[in-house]
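In: What would the 3D arrangement of this be:
(one chain, ligands or ions: 1)
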Amino acid sequence: MGTVFIGTGMAAFGKAVASEYVVGSARSMHAAEDLLRRATAPDGADLAMPRAMVVMAHADDETIALGARIGRFHEAHFIHVTDGAPRNEEDSRTHGFSFLADYRQAREFELTEMFARAGLDRVSRNCLNHPDQEASLNLVEITRELIRHIKHHEPEVIFTHPYEGGHPDHDACAFAVHHAVGLHRAEGGRRPLILEASFYNAGPREGGSSMFLDVAMTMPSVTYDLSPADRKRKHALLACFATQRATLKEFSNDREQYRIAPMYDFTRPPHQGRVHYDHYPWGMTSERFCELATRAEIRFNEGNGAV
Ligand SMILES: [Zn+2]
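Out: Predicted structure coming up:
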């Protein structure tokens, strides 16, 4: 398995505030990179796995993100923010379900099956059950819920989505994780390191799936080229999500990429031009997302949002 480390942008961390924000209780970039390496090591690697929490928007995002190494996550805590079933029922009908509740249940069964196939059938997990496509309408509430889970599980690292306009629920997840971590820290808690997996975006690199959007700061990242055996294993896990087959075939299955999350400004769009979801009827635009993020941050600043 090829492992390539790209970019260790130490020069980008001139400001102490950025450093604290990014490395958290790892205290140094060197220690943060060690956590990144251990948390993303290949299945079967002889490296101590840090206490991890995985916060993803939808059932299947965890497999897209970590499929080739998910066997190492048997002691992690998984949180899915949405139920994977948009309320407009278009998805349910497309997938042959007359009732939204049946589609929601099918998605939960698929996730359960994936965990079982990965050998994680007893893994700790919760679904916050927000409706699919509506996570950005509940930023404050989701942040609050995540703070509770962070307090309870005390993760050293949290895996989540990057903020890059791919899907509104992914952006909402990124917002909630970054703010939950910040607010937890403000209350005196230990700040876990936020790690992100690559998904999809409409950024200038036109990377489609599995390419991070460029951000102002160069973040330490790691890319794993998947061996044929890895790919086969990941393919088998993704196949559990039968209702999502059409979407999942768009994802590259030849590498997995992670990086230390940069500092984001969620009140601005992640890149110039229209973001990916501005092209789709998913009930959200980048402009509206930024307004909702601004409003949520005002509530946090007033002290009545999260504690
Ligand atoms: Zn997703």
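
In: all contacts plus neighbour counts: C-alpha atoms, from now on.
Out: Will do.

In: where do the helices sit along the stretch 51-200 of the chain?
Out: 61-66, 90-94, 100-117, 139-153, 168-186 (DSSP state H, counting those that start in this stretch).

In: And residue 296, how far from residue 72?
Out: Counting by CA to CA, to the nearest Å, the gap from residue 296 to residue 72 is 35 Å.

In: Look at the two and report which has more neighbours.
Out: residue 296 (25 against 21; other CA atoms under 10 Å).

In: Would you check that that one makes contact with residue 142?
Out: No - applying CA atoms under 8 Å, one finds residue 296 not in contact with residue 142, separated by 10.8 Å.

In: re the thing from before, save the helices of the stretch 51-200 of the chain as JSON lines, and put in distance to residue 292, mean neighbour count and mean pLDDT too.
Out: Compiled in JSON lines, those are given as follows (distance: least, CA to CA, whole Å; neighbours: other CA atoms under 10 Å; pLDDT from 0 to 100):
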{"stretch": "helix 61-66", "distance to residue 292": "23", "mean neighbour count": "22", "mean pLDDT": "97"}
{"stretch": "helix 90-94", "distance to residue 292": "25", "mean neighbour count": "15", "mean pLDDT": "80"}
{"stretch": "helix 100-117", "distance to residue 292": "26", "mean neighbour count": "18", "mean pLDDT": "94"}
{"stretch": "helix 139-153", "distance to residue 292": "8", "mean neighbour count": "19", "mean pLDDT": "98"}
{"stretch": "helix 168-186", "distance to residue 292": "10", "mean neighbour count": "24", "mean pLDDT": "97"}
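
In: Can you add distance to residue 236 and give these back as a markdown table?
Out: Shown next, in a markdown table, are the helices of the stretch 51-200 of the chain (distance: least, CA to CA, whole Å):
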| stretch | distance to residue 236 |
| --- | --- |
| helix 61-66 | 10 |
| helix 90-94 | 23 |
| helix 100-117 | 8 |
| helix 139-153 | 30 |
| helix 168-186 | 24 |
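
In: Do you have the strands of this protein handy? List them.
Out: 3-6, 52-56, 77-82, 124-130, 157-160, 193-197, 200-201, 208-209, 221-225, 255-260 (DSSP state E).

In: Sort out which residues of the longest one are buried, please.
Out: It refers to strand 124-130. 127-130 (16 or more other CA atoms under 10 Å).

In: Would you check that residue 95 makes contact with residue 243?
Out: Yes - using CA under 8 Å, residue 95 is in contact with residue 243, at 6.2 Å.

In: Pick out whichever of those two has more residues nearby.
Out: Between residue 95 and residue 243, counted using other CA under 10 Å, residue 243 has the larger neighbour count: 18 against 13.

In: ok, now how distant is the more buried one from residue 96?
Out: 9 Å.

In: The closest residue to residue 269 other than its chain neighbours: what's it in contact with?
Out: Excluding the flanking residues, the one nearest residue 269 by CA to CA, 6 or more residues apart in numbering is residue 286, at 6.1 Å. Applying CA atoms under 8 Å, 6 or more residues apart in numbering to residue 286 gives the contacts 165, 168, 269, 274-275, 277-278.

In: With distance to residue 66 added, can I get those in a markdown table?
Out: Shown next, in a markdown table, are these (distance: CA to CA, whole Å):
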| residue | distance to residue 66 |
| --- | --- |
| 165 | 20 |
| 168 | 21 |
| 269 | 26 |
| 274 | 28 |
| 275 | 24 |
| 277 | 23 |
| 278 | 27 |
